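Trainee: what's the 3D shape of this:
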Amino acid sequence: MKRHVHILLAFLGLSVISCATGKNAFEKGNYETAINRAINRLQSNPDNKKSKAVLVEGYRLASAYHQDYIEELESSGDPFRYEAIFYQYRQLNSYYDKIRRCPACLKLVNPRVYRSELEAAGDEAASYQVQLGNEALALNTIEGGREAYYHFDHALKFDNQINDIDSLLSVSRNMGTIKVVVEAIPIHSRALALSNEFFENQILEYMDRYSVNRFVQFFTTDEARQIDLQADQVLSMMFDDFVIGQTLIESKTKEVSRDSVVVGQYTDDEGIKHDVYNTVKAEVTTYRKTLRSAGVLNFEIRDAYSDRILVQRKLPSEDIWSYEWGSFNGDERALTKREIQMSKRREGPPPPPQTLFVSFVERIYDQITQNVRNFYRNSEM
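Mentor: Modelled structure (predicted):
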């Protein structure tokens, strides 16, 4: 049994060593992993023979593989070939940088650096992306603007010194951005002077946050007027109908009792006092006042050019404010603690209409933001 354990441990040890030296990865043709593992092992153990062999042969074969692939790409007609060539040279330079930081490795191989080749491939790849971006810009459409932005942004992965790239990104983003005017929410109430300014500000603040890194931007009607904006879409919200503070008062009366309550004392013939127990009763009345506020908001997005409705939703909302108090007749000892507390309360004044209105409309906020997210979900950059 012990012999079997020793054999198993020896086998596991060899497997770990093979993995650490990169030999297994090398034999599978995974040269990048093999080279990385060999370099790591030689940094901690410069005399490891297996890692030395893996590094020498792995670097030779990996270099040949990337060079052959580059030659194949250069002779192809693929318009995106320089992107692939760029990544091949970047991988070769990665080998160079890692080997240069390993003194033991430098004694075994003389890595080559391809800085100028990488830069040349990056210039070609970036140039083609800029060309595609300019072609998309010439379409002068929202879709063309977004496509152009993607190409210009992609070009920066290969060359971050492109002339006028900031201007190109700005122009393409502006072209690809849907401009939405958000109309003020009208409040029609003859009996109540209500303001939804706070609610509107909450919505506008959300839309400002939402539009970050998206091809959509929201404007108030005043902002659009100030810059003479030609909107693409109009977002309007209007209450079809609402009621604020619809009052209902309910009352409930019940008889309550409690047994074994001390109601007095008596003295026996020997002069000893004794408690007298009996059942006590009371009549408890509880009152509940509720103020119901409810309504339906019409949420609508229209095309600014044709006035065609793009989406329309009816968003319902309801808010209930309530207050309870009570009274009793009879023996207080028959009441529970809560009933006693209720009996000490008196009918209180309801909140002002503006408070009720704010509480009611805030319940629509999540529905509005969800509809905005759903409609503009494809606007991410």
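
Trainee: What are the buried residues along the lengthiest helix in the chain?
Mentor: If you go by DSSP state H, the chain has its longest helix at helix 49-74. By neighbour count on 16 or more other C-beta atoms under 10 Å, the buried set for helix 49-74 is 50-55, 57-59, 62-63, 65-66, 70, 73. Just so you know, the C-beta spots here come from the backbone N, C-alpha and C atoms, and that holds for glycine as well.

Trainee: Would you mind identifying the next helix or strand past that helix?
Mentor: Per DSSP states H and E, the first helix or strand lying C-terminal to helix 49-74 is helix 81-100.

Trainee: any idea of the angle that next one forms with helix 49-74?
Mentor: Interaxial angle, helix 81-100 versus helix 49-74 (axes from the mean of the first three to the mean of the last three C-alpha atoms, to 10 degrees): 160 degrees.

Trainee: same for helix 81-100, what does it pack against?
Mentor: When contacts are defined as 3 or more C-beta pairs under 8 Å, 6 or more residues apart in numbering; DSSP states H and E, helix 81-100 sits against helix 31-44, helix 49-74, helix 103-106, helix 115-137.

Trainee: Need those helices in TSV (columns: mean pLDDT).
Mentor: Converted to TSV, those look like this (pLDDT from 0 to 100):
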stretch	mean pLDDT
helix 31-44	92
helix 49-74	94
helix 103-106	94
helix 115-137	97
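
Trainee: how about those, which one is nearest residue 210?
Mentor: Of all the helices and strands packed on helix 81-100, helix 115-137 sits nearest to residue 210, with 25.1 Å by C-beta to C-beta.

Trainee: For the helix or strand just after the closest one, which helices and strands make contact with it?
Mentor: Using DSSP H and E, the next helix or strand after helix 115-137 towards the C-terminus is helix 142-155. If you count contacts as 3+ C-beta pairs under 8 Å, 6+ apart, helix 142-155 packs onto helix 115-137, helix 165-176.

Trainee: tell me the secondary structure for the residue of the chain positioned farthest from its centre?
Mentor: Distance from the C-alpha centroid of the chain, by C-alpha atoms, centre = their mean, peaks at residue 269 (83.9 Å). The three-state label given to residue 269 by DSSP: H, G, I helix; E, B strand; the rest coil is coil.

Trainee: what about residue 173, distance to residue 133?
Mentor: Distance, residue 173 to residue 133, by C-beta to C-beta, to the nearest Å: 12 Å.

Trainee: which neighbours do these two share?
Mentor: Here residue 173 and residue 133 share the contacting residues residue 149, scored by C-beta atoms under 8 Å, 6 or more residues apart in numbering.

Trainee: Pull the contacting residues for residue 57.
Mentor: Per C-beta under 8 Å, 6+ apart, neighbours of residue 57: residue 26.

Trainee: try 7 Å this time
Mentor: Not one residue lies near residue 57 by C-beta atoms under 7 Å, 6 or more residues apart in numbering.

Trainee: switch to numbering from 288
Mentor: New numbering, starting at 288: the last item is residue 344.

Trainee: what about it, distance to residue 322?
Mentor: Distance, residue 344 to residue 322, by C-beta to C-beta: 10 Å.

Trainee: Repeat that for residue 558.
Mentor: For residue 558 relative to residue 322 (C-beta to C-beta), the value is 107 Å.

Trainee: the more surrounded of the two?
Mentor: With neighbours defined as other C-beta atoms under 10 Å, residue 558 and residue 322 compare such that residue 322 has more, 26 against 6.

Trainee: The more buried one and residue 385, how far apart?
Mentor: Using C-beta to C-beta, one obtains 8 Å as the distance from residue 322 to residue 385.

Trainee: cool, and residue 374?
Mentor: For residue 374, the distance to residue 385 equals 17 Å [C-beta to C-beta].

Trainee: Same question for residue 520.
Mentor: From residue 520 across to residue 385, the span is 52 Å (C-beta to C-beta).

Trainee: the more surrounded of those two?
Mentor: More neighbours surround residue 520 than the other of residue 520 and residue 385, with 20 against 16 (other C-beta under 10 Å).

Trainee: what bridges to that one?
Mentor: Counting by DSSP bridges, residue 520 is bridged to residue 467, residue 590.

Trainee: Do I have it right that it meets residue 470?
Mentor: No: the criterion here is C-beta atoms under 7 Å, and residue 520 misses it with residue 470 at 11.1 Å.

Trainee: Quick check: closest non-adjacent residue to residue 367.
Mentor: Leaving aside its sequence neighbours, residue 367 sits nearest to residue 415 (C-beta to C-beta, 6 or more residues apart in numbering; 7.1 Å).

Trainee: again but with residue 608, I slipped
Mentor: Nearest non-adjacent residue to residue 608, counting by C-beta to C-beta, 6+ apart: residue 578, 4.4 Å away.

Trainee: Any idea how many residues pack against the one you found?
Mentor: Neighbouring residues of residue 578 were enumerated by other C-beta under 10 Å; the total is 19.

Trainee: part of a strand, is it?
Mentor: Yes: using three-state DSSP, the assignment for residue 578 is a strand.

Trainee: Surely it is in contact with residue 643?
Mentor: Yes: the criterion here is C-beta under 7 Å, and residue 578 meets it with residue 643 at 6.3 Å.

Trainee: Pull up the overlap in contacts between these two.
Mentor: Shared contacts of residue 578 and residue 643, counting by C-beta under 7 Å, 6+ apart, come down to 532, 608.

Trainee: mind checking which of the helices and strands packed on helix 368-387 is nearest residue 548?
Mentor: Taking the helices and strands packed on helix 368-387 one by one with C-beta to C-beta, helix 318-331 is closest: 84.3 Å.

Trainee: what helices or strands is that closest one leaning on?
Mentor: If you count contacts as 3 or more C-beta pairs under 7 Å, 6 or more residues apart in numbering; DSSP states H and E, helix 318-331 packs onto helix 289-308, helix 310-314, helix 336-361, helix 368-387, helix 390-393.

Trainee: for these, which one sits closest to residue 529?
Mentor: Residue 529 sits nearest to helix 368-387 of all these, at 57.5 Å, using C-beta to C-beta.
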